[in-house]
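Student: structure for this input, please:
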Amino acid sequence: MFKKILLLIITISLLTNCQARQSPILPELKVGLESNPTNLDPRLASDAMSARVTQIVFNSLVRLNAQAQLTPELAEKWEMPDDVTYVFYLRRGVKFQDGQELIAQDVEYTYQSILAPESLSPRRSSYEVIKRIELIDDYTIKFSLHRPFAPFLLNMTMAIIPRHLGNNPDFSRHPVGSGPFQLMDWQPDEQLVFRRHDRYFEGKPPLERIIYKIIPEDTTRVLALKKADLDLVQNAVPPDLLANLEAESHLQVLRKPGTTYEYLAFNLRDKILGQKKVRQAIAMSIDRPIMVHHLLIGLGTLAQSLLPAGNWAYNANLPETLYNPEQARKLLDEAGFPDPDGAGPQVRFNLVYKTSQNELSRRKAEVIQADLKNVGIGVEINSYEWGSFFADISAGNFQLCSLQWVGVTDPDIYYYIFHSQSIPPNGANRGHYLNPALDRLLEQGRQTLDEGQRSRIYQQVQQIIADDLPYVSLWHNMNVVVMNKRVQGFEIYPAGDFTSLKRAAVR
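Tutor: I've put the predicted structure just below:
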């Protein structure tokens, strides 16, 4: 009897030690977000938060990997028989989250729905180059273009929508894709709950659930990390609190250079801001190095262009915008806005700066307000919850605002932002910048397939934008992730994507 009891104790001990070494995966990951997504239909969404939230719901023909390189996803491969033809060969057996198989008809439907005359998609202009879509069979689809179009493959990162559900009026709130997780519940301004897609074609994800918690206040988000009420936060922790979080034994902080571009935008329809000398004066009034040092605690690099310095089309010869308040005052005088009382309290004119309620965004607004006051420009700051703020900016209802472009990869983004045909709802030319010479270059850049020639075209594009200043370039952000040390498998992507959550686990 004694030997049997001893054997039982040893067996239990061995099993316990084995389980401890294996560290079983916990079923749930809690991710903190600073704002609510606005639309979960990828065809209609134009804000970064919506795109990031839906990255775990949908797949696309091709995908940017962690090195910002295009790789196959739903397409096993593709061919380009000539300059205007692309043939994609789809993976077989891919299932949507409702069990239906994803086939070529779903790909055709996705792009036709964007191109439909009644479509309200802000992405429509990116696909108008498509002349014809042909279904070769259930797993082969051919795109014929009107003309060569250099960014075509990059635009094939569009999420594929199920044709049997895509016309449902509530699809933007109840999306169904082929991705690793399915949305189960969305309580706006509170949380989104996702369940694992067990038939995901790349293999069942380790996690059973992912919960995105909407926490607008930075302090509350930081406390949730400290108390382990959140497992992961990406690019949503004030830089000056990172050292405090690094001191927590259960947390780790990861940093990696990113491609997110921060800028100050002007509404050029405004009588004051429509004047180039005023925009130049504002650019010279902002002390960008001080902002990067104090606001970001060095977690950013000064930007001269939308494109980061490592991009193949980056113009390294752009003039640097230097802090020069004295020259700014002279330009404002020349523009017809003299300072009525010199160094006194009166201002040359007043502007309204719109921002979200994000704490770092408000602090940035306050620094810009102080810098412009120094040259005699009054700035009133109006902050709104994210949805209202973004709706105003998208509608062109602003004078000054500051936002980000996330994941800048191909220089064709200049078309989407600055071409005269990209004024909303057809694109993101929210400041109504009009320049026929730039339009011609942007059209030429789209039709030129040789990378060297394209680079020379976009060198000119960047020079024009630097001269005309529809934007003031601020900085390119560093990606910063704060996460519980139990989280494994999460990889930082240049654009701050959440794509790698499909491989993440909590142990």
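
Student: find the nearest non-adjacent residue to residue 451, please.
Tutor: Spatial nearest neighbour of residue 451, excluding adjacent residues (CB to CB, 6 or more residues apart in numbering): residue 312 at 6.5 Å. Where you see a C-beta, it was placed from the backbone N, CA and C, and this is true even at glycine.

Student: who are the packing partners of the longest strand anywhere in the chain?
Tutor: Assignment by DSSP state E gives strand 251-266 as the longest strand of the chain. In terms of contacts (3 or more CB pairs under 8 Å, 6 or more residues apart in numbering; DSSP states H and E), strand 251-266 is packed against helix 242-246, helix 276-285, strand 400-405, strand 471-484.

Student: that one: partners in the sheet, and parallel or antiparallel?
Tutor: Strand pairing for strand 251-266, using DSSP bridges, gives strand 400-405 (antiparallel), strand 471-484 (antiparallel).

Student: now it and helix 276-285, what's the angle there?
Tutor: Inter-element angle recorded for strand 251-266 and helix 276-285: 150 degrees (by axes from the mean of the first three to the mean of the last three CA atoms, to 10 degrees).

Student: can you list the low-confidence ranges for the stretch 151-300 of the chain?
Tutor: For the stretch 151-300 of the chain, not a single residue meets the criterion pLDDT under 70.

Student: isn't residue 137 up against residue 104?
Tutor: Yes: with contacts counted by CB atoms under 8 Å, residue 137 reaches residue 104, the gap being 7.1 Å.

Student: and residue 215, which of the strands paired with strand 251-266 is closest to it?
Tutor: Taking CB to CB, strand 471-484 is the member of the strands paired with strand 251-266 nearest to residue 215, at 13.0 Å.

Student: any idea which helix or strand comes after the closest one?
Tutor: Per DSSP states H and E, the first helix or strand lying C-terminal to strand 471-484 is strand 487-488.

Student: coming back round to it: in a markdown table, list the strands paired with strand 251-266 along with distance to residue 52 and mean pLDDT.
Tutor: Putting the strands paired with strand 251-266 into a markdown table (distance: least, CB to CB, whole Å; pLDDT from 0 to 100) gives the following:
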| stretch | distance to residue 52 | mean pLDDT |
| --- | --- | --- |
| strand 400-405 | 12 | 95 |
| strand 471-484 | 12 | 96 |
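
Student: let's have those strands in CSV, adding mean neighbour count and distance to residue 145.
Tutor: Output for the strands paired with strand 251-266, formatted as CSV (neighbours: other CB atoms under 10 Å; distance: least, CB to CB, whole Å):
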stretch, mean neighbour count, distance to residue 145
strand 400-405, 21, 26
strand 471-484, 22, 30
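
Student: those into TSV, with extra columns for distance to residue 55?
Tutor: Output for those, formatted as TSV (distance: least, CB to CB, whole Å):
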stretch	distance to residue 55
strand 400-405	17
strand 471-484	15
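
Student: which one, of the ones you listed, ends up nearest to residue 295?
Tutor: Nearest to residue 295 among the strands paired with strand 251-266 is strand 471-484; the distance by CB to CB comes to 9.5 Å.

Student: now the closest one: how far from the chain's centre is it?
Tutor: The chain centroid and the centroid of strand 471-484 are separated by 11 Å under CA atoms, centre = their mean, to the nearest Å.

Student: returning to that earlier point: quick one: the longest strand of the chain to chain centroid distance?
Tutor: 10 Å.

Student: output it as PDB, nothing but the C-alphas.
Tutor: Extracted C-alpha coordinates of strand 251-266, given in PDB (Å, rounded to 0.1, in the frame of the first residue of the first chain):
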ATOM      1  CA  LEU A 251       5.200  44.500 -18.400                       C
ATOM      2  CA  GLN A 252       7.600  44.900 -21.300                       C
ATOM      3  CA  VAL A 253       8.000  47.800 -23.700                       C
ATOM      4  CA  LEU A 254       9.000  47.200 -27.400                       C
ATOM      5  CA  ARG A 255      10.100  49.900 -29.800                       C
ATOM      6  CA  LYS A 256      10.500  49.700 -33.600                       C
ATOM      7  CA  PRO A 257      10.800  52.400 -36.300                       C
ATOM      8  CA  GLY A 258       7.500  52.900 -38.200                       C
ATOM      9  CA  THR A 259       6.100  54.500 -41.300                       C
ATOM     10  CA  THR A 260       3.400  56.500 -39.700                       C
ATOM     11  CA  TYR A 261       3.500  60.200 -40.800                       C
ATOM     12  CA  GLU A 262       2.300  63.000 -38.600                       C
ATOM     13  CA  TYR A 263       1.300  66.400 -40.100                       C
ATOM     14  CA  LEU A 264      -0.500  69.700 -39.700                       C
ATOM     15  CA  ALA A 265      -3.100  70.200 -42.400                       C
ATOM     16  CA  PHE A 266      -4.500  73.500 -43.800                       C
END
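
Student: what comes up buried for that strand?
Tutor: Of all the residues in strand 251-266, those buried under the rule 16 or more other CB atoms under 10 Å are 251, 257-266.

Student: quick check on the residue sitting nearest the centre point of the chain: phi, psi?
Tutor: The centre of the chain sits closest to residue 406, judged by CA atoms, centre = their mean, with a distance of 3.2 Å. Torsion angles at residue 406 (phi, psi; degrees, to the nearest 10) stand at phi -100, psi 130.

Student: from what I see, it and residue 498 are in contact.
Tutor: No: using CB under 8 Å, residue 406 is not in contact with residue 498; the gap is 11.7 Å.

Student: mind giving me the packing neighbours of whichever strand or helix holds residue 355?
Tutor: Element membership of residue 355 [criterion: DSSP H and E] is strand 349-356. Counting by 3+ CB pairs under 8 Å, 6+ apart, the packing neighbours recorded for strand 349-356 are helix 359-373, strand 377-384, helix 386-394, strand 400-405.

Student: among the ones you listed, which comes closest to residue 338?
Tutor: Using CB to CB, the nearest of these to residue 338 is strand 377-384, at 12.4 Å.

Student: list the buried residues of the closest one.
Tutor: Within strand 377-384, the residues that count as buried by 16+ other CB under 10 Å are 377, 379.

Student: list the strands paired with it, with their directions.
Tutor: If you go by DSSP bridges, strand 377-384 pairs up with strand 349-356 (parallel).

Student: run through who's touching the strand it pairs with.
Tutor: 35, 272-273, 337, 361-362, 364-365, 368-369, 372, 377-386, 389-390, 392-393, 398-402 (CB atoms under 8 Å, 6 or more residues apart in numbering).

Student: same check, this time on stretch 67-74
Tutor: Stretch 67-74 is contacted from outside by 59-65, 78, 90-91, 94, 102, 107, 153-154, 157, 160, 178, 259, 407, 409, 493-495, using CB under 8 Å, 6+ apart.

Student: now swap in stretch 288-301 and tell me
Tutor: 239-240, 242, 255, 257, 262, 302, 308-309, 321, 323, 360, 363-364, 367, 474-478, 480.
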